[in-house]
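K.L.:
sequence and computational prediction follow.
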There are 2 protein chains.
Amino acid sequence: MAPFQLQSPLDMHLHLREGDLLSLVAPLSAHSFAGAVIMPNLVPPVDNAARLDAYRSAIDAAVGDAAFEPYMTLFFRPYTGDELEAMQSRIIGIKLYPAGVTTNSEAGVRALQEAEPTLGLMQELDIPLLVHGESTGFVMDREAEFMPVYEHLAQTFPRLRIVMEHITTRQAVAFLDRYANVFATVTLHHLLLTLDDVAGGPLAPHLFCKPIAKRPDDRDALLAAALSAHPNLMFGSDSAPHPRHSKECAGCAAGVFTAPIALPMLVELFDKHDALHNLQAFVSGNARRIYRLTPAPKAVSFVKEATVVPSQYGTVVPFGAGRTVAWRLLDAGQPPV
Amino acid sequence: MAPFQLQSPLDMHLHLREGDLLSLVAPLSAHSFAGAVIMPNLVPPVDNAARLDAYRSAIDAAVGDAAFEPYMTLFFRPYTGDELEAMQSRIIGIKLYPAGVTTNSEAGVRALQEAEPTLGLMQELDIPLLVHGESTGFVMDREAEFMPVYEHLAQTFPRLRIVMEHITTRQAVAFLDRYANVFATVTLHHLLLTLDDVAGGPLAPHLFCKPIAKRPDDRDALLAAALSAHPNLMFGSDSAPHPRHSKECAGCAAGVFTAPIALPMLVELFDKHDALHNLQAFVSGNARRIYRLTPAPKAVSFVKEATVVPSQYGTVVPFGAGRTVAWRLLDAGQPPV
């Protein structure tokens, strides 16, 4: 059986951290992906040119010789047009974490109103807006409650490309068909998990993330959209490494670490559903079109050989630790001649 | 200000474990409660006279001189009339953990049918049935999905006293008004928590229990029923100690340890809602009437003095560790003359 091959797979939502964690995880993403959208929510956030350039350099140093493009993002704040123009060539978009957005909350609306001048500039400059779309409501309702905000943004800025990040609900999937300027990323783990996996048996901190995994019908809607390579949907791992001691403790940090095993697991999942023919679009083609990217050529091959997910990568426990995956990643190489 | 006093408070749902944990936790319950309904789900379960008597003796030994009555239960299995008659004087009820009960599941219905001869005998002998009422469905739906089973039981055995244990949903609260032979226990933590507390911020394993805490409207319905001392509702802590290493780990055990601080926290909660006048019924009066109990006199006094919940009791982290509670338990003593 010939290996299955993906061309320049992209991870459109990735946390690389800084320092030791960056050194640990960046090469793992660079090994199998051609590029990734890098989240800016560091402490302090990446919200100015100096921080942006320094973080980019740190990532490049961590990645080393691997063919891997970090698509940088800025943390949303009110930016001037001059600021945006000066940094535009170095970023792929700006990530908005709306603070205090609650349904019918005046403070939330005010926060959005304060954002609108910058959003207008982004629309004019054609800089995509990436959004962590959750209200401050009850944890199972936060994403669905946020849909009116997406609607307001999509209508107010019809030429602004808006990406709903790491969607988790059937409501968000349905919203993908409503506006031509609204797109989304979805993680591997939200294609596989429901709250049952996190809290239906023993509590599973290594499966705990934000937004939290939702109901079976939500997971099924996400999976159907991914398997059919919905043209407005892109793979974004939201891979978020935490040291084991920050997960197995009294107050467990949110985040699932999938980067090193995301692609073999996606191949397994799409193969199981007879949808391998759609995986290229889901992990690369849609993102290239939506973001107008031309990643460097990088062919990644997979063979159908059972392989076991390591129990840890350094201090970090990966998603599916110890589980057998039906497909194995061959060493990434140059594109076939 | 005079102390607030409760007469013979009862915990109608308690896990005392065995061995070292029993020695640790039994005195903590016996310190403030006059009695408690002891769960039989040990390994192996308490489902015969020898095991019942041995467990009762172990509890008595662990409690020592404290005035505390362990109301023993049997683990449900098919029992003969002779077995039940022989043990009836030593138990307060039989606890059913329905295996594989799913909505519309044939296996679940079959499991119930197999239970019916014993349930009929229990009805004739007037032995209460205590039920862990959850389906095997999605974790947030399990209790609501179980309501048709309660309905079937209540209709089929109209003279059998049925106790819905540790209810967590508005559906179960509403069900309390539907059948004269259906009662319920509710925990302290389900009066205070929603899933937001468990998973809305950092994941909180020490707040993780089964049934899982539900939505805000569920919590509000439970709280309203408790504060009004609904006549069919009793306090049952479901206090379930686990060593810290079984909670702060990759697969956290379900259970919240509330026994030593449940009463001061209940006094605080009822006081905050101006419902202290209903607490006696909720923590003792209703249970006495429903179960026809006459506990030994035991007056427990509380003063409004801030006190901090210990970070651990032995190996076990209690509910609210480190939190300040507005009321303090005075040493339990004999009833006032």
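P.N.:
Arrived safely.
K.L.:
close to chain B: what parts of the stretch 201-337 of chain A are there?
P.N.:
Within the stretch 201-337 of chain A, the positions near chain B by C-beta under 8 Å from any C-beta of the partner chain are A:201-206, A:208, A:212, A:215-216, A:247-254, A:317. For glycine as for every other residue, the C-beta is placed from the backbone atoms N, C-alpha and C.
K.L.:
try it again at 7 Å.
P.N.:
Within the stretch 201-337 of chain A, the positions lying close to chain B (C-beta under 7 Å from any C-beta of the partner chain) are A:202-206, A:208, A:212, A:215-216, A:248-253.
K.L.:
which one of those sits closest to B:Met122?
P.N.:
When these are ranked by distance to B:Met122 (C-beta to C-beta), A:Pro202 comes first, at 32.1 Å.
K.L.:
list the contacts for A:Pro310?
P.N.:
Listed by C-beta atoms under 7 Å, 6 or more residues apart in numbering or on different chains, the contact partners of A:Pro310 are A:318, A:321.
K.L.:
and if you look at A:Pro243?
P.N.:
If a contact means C-beta under 7 Å, 6+ apart, then A:Pro243 has A:315-316 as its contacts.
K.L.:
how far away is it from A:Arg17?
P.N.:
Applying C-beta to C-beta, to the nearest Å, one obtains 10 Å for the distance of A:Pro243 from A:Arg17.
K.L.:
equivalent analysis for A:Gln113, please.
P.N.:
Between A:Gln113 and A:Arg17 the computed distance is 33 Å (C-beta to C-beta).
K.L.:
A:Ile92 now?
P.N.:
Relative to A:Arg17, A:Ile92 is positioned 19 Å away (C-beta to C-beta).
K.L.:
more neighbours: the two, which one.
P.N.:
Residue environment comparison for A:Ile92 versus A:Arg17 gives the larger neighbour count to A:Ile92, 22 against 19, counting by other C-beta atoms under 10 Å in any protein chain shown.
K.L.:
wait, doesn't the more buried one sit right on A:Glu69?
P.N.:
No. Counting by C-beta atoms under 7 Å, A:Ile92 sits too far from A:Glu69 to count as a contact (9.6 Å).
K.L.:
now the helices for the stretch 151-300 of chain A?
P.N.:
Remark: helices assigned in the stretch 151-300 of chain A by DSSP state H, counting those that start in this stretch are A:170-175, A:189-192, A:195, A:216-227, A:244-247, A:262-272, A:279-280, A:286-291.
K.L.:
go through the ones you listed and name the closest to A:Gln123.
P.N.:
Go through the helices of the stretch 151-300 of chain A one by one with C-beta to C-beta and the one that ends up closest to A:Gln123 is helix A:286-291, at 15.6 Å.
K.L.:
contacts for the closest one next, please.
P.N.:
Outside helix A:286-291, the residues that touch it by C-beta under 7 Å, 6+ apart are A:10, A:12, A:92, A:128, A:161, A:183, A:229, A:231, A:233-234, A:293-295.
K.L.:
elements contacting the longest strand belonging to chain A?
P.N.:
The longest strand of chain A (DSSP state E) is strand A:69-75. In terms of contacts (3 or more C-beta pairs under 7 Å, 6 or more residues apart in numbering or on different chains; DSSP states H and E), strand A:69-75 is packed against strand A:35-38, helix A:49-63, strand A:93-96.
K.L.:
as TSV, those with mean neighbour count and mean pLDDT would be great.
P.N.:
Written out in TSV, the entries for those read as follows (neighbours: other C-beta atoms under 10 Å in any protein chain shown; pLDDT from 0 to 100):
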stretch	mean neighbour count	mean pLDDT
strand A:35-38	26	98
helix A:49-63	16	98
strand A:93-96	24	96
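K.L.:
which one of the ones you listed lies nearest to chain B?
P.N.:
Closest to chain B of those is strand A:93-96 (C-beta to the nearest C-beta; 20.6 Å).
K.L.:
strands paired with that closest one, and their directions?
P.N.:
Strand A:93-96 has the following sheet partners, assigned by DSSP bridges: strand A:69-75 (parallel), strand A:129-131 (parallel).
K.L.:
most tightly surrounded among those?
P.N.:
Ranked by average neighbour count under the criterion mean count of other C-beta atoms under 10 Å in any protein chain shown, the strands paired with strand A:93-96 are headed by strand A:129-131 at a mean of 24.
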